[in-house]
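Novice: generate a structure from the sequence data that follows.
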Amino acid sequence: MEKRSPRVTHVSWGRMEVEGLAPGKDFKLFPGGGREWDWTEHGTRHDPGIQPGDVRELIDAGCDVVVLSRGMELRLKTAPETLEVLADAGVEVRVEETTEAVRLYNELAAGRPAGGLFHSTC
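Specialist: The predicted model follows:
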């Protein structure tokens with residue numbers, strides 16, 4: 001049986017709720033589960049943004065599409081190398097403001113192995 005990507009059930013400033021996970025602030029979601037997204041793991045900061053290491057777990061989990069959030073105030077960037085890693089892996093990428101990223105992710109996850117990185121503040 002194929003693993004399903006968990007649905008985001010709530011997003012507001014500084015808080016997200018995801019099926020099967022404890023509430024938190026930032027999340028990394030993929031087919032079969034997810035976890036809180038710890039920016040310190042790969043040195044992520046608003047600028048230069050989401051790092052290649054942040055998306056490797058999503059690629060390894062079998063995502064064919066990944067949604068990257070830019071934060072509620074569009075302050076989170078994505079490093080160009082990160083987009084290259086995803087392109088090299090043949091993964092479709094969408095980059096959106098957080099509430100739109102959640103909406104799009106939930107829509108995509110209903111029928112595809114989707115992944116996402118979500119930042120619920122700035």
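
Novice: mind listing the helices for the chain?
Specialist: Using DSSP state H, the helices of the chain run over residues 52-60, 80-88, 98-109.

Novice: any chance of those in a markdown table, plus mean pLDDT and mean neighbour count?
Specialist: C-beta coordinates here come from the backbone N, C-alpha and C atoms, glycine included. Shown next, in a markdown table, are these (pLDDT from 0 to 100; neighbours: other C-beta atoms under 10 Å):
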| stretch | mean pLDDT | mean neighbour count |
| --- | --- | --- |
| helix 52-60 | 97 | 19 |
| helix 80-88 | 98 | 16 |
| helix 98-109 | 98 | 20 |
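
Novice: out of the ones you listed, which gets nearest to Trp13?
Specialist: Nearest to Trp13, of all the helices of the chain, is helix 98-109, at 9.3 Å by C-beta to C-beta.

Novice: list the contacts of that closest one.
Specialist: For helix 98-109, the surrounding residues in contact (C-beta atoms under 8 Å, 6 or more residues apart in numbering) are 4-8, 11, 16, 29, 65, 67-72, 94-96, 114, 116, 118-120.

Novice: next: stretch 73-88.
Specialist: 46-52, 54-56, 59, 66, 68-70, 93, 95, 97, 119, 122.

Novice: hmm, Gly62 and Ala114 touching each other?
Specialist: No - between Ala114 and Gly62 no contact is recorded; they are 10.1 Å apart, counting by C-beta atoms under 8 Å.

Novice: straight-line length of stretch 23-33, end to end?
Specialist: 14 Å (C-alpha to C-alpha, to the nearest Å).

Novice: other residues contacting that stretch?
Specialist: Residues contacting stretch 23-33 (C-beta under 8 Å, 6+ apart): 2-6, 8, 10, 14-18, 20-21, 34-37, 39, 54, 57-58, 61-63, 105, 109, 113-121.

Novice: restricted to buried residues, select these in ChimeraX.
Specialist: Remark: buried members of those, expressed as a ChimeraX selection using 16 or more other C-beta atoms under 10 Å:
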select :5,6,8,16,18,21,34,37,39,54,57,58,61,63,105,109,113,114,115,116,117,118,119,120
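
Novice: point out where this protein drops to low pLDDT.
Specialist: 1 (pLDDT under 70).

Novice: mind listing what the spatially most central residue of it touches?
Specialist: Centroid check for the chain by C-alpha atoms, centre = their mean gives Leu117 as the closest residue, at 1.6 Å. By C-beta under 8 Å, 6+ apart, the contact set of Leu117 is 26-28, 37, 50, 54-55, 58, 66-69.
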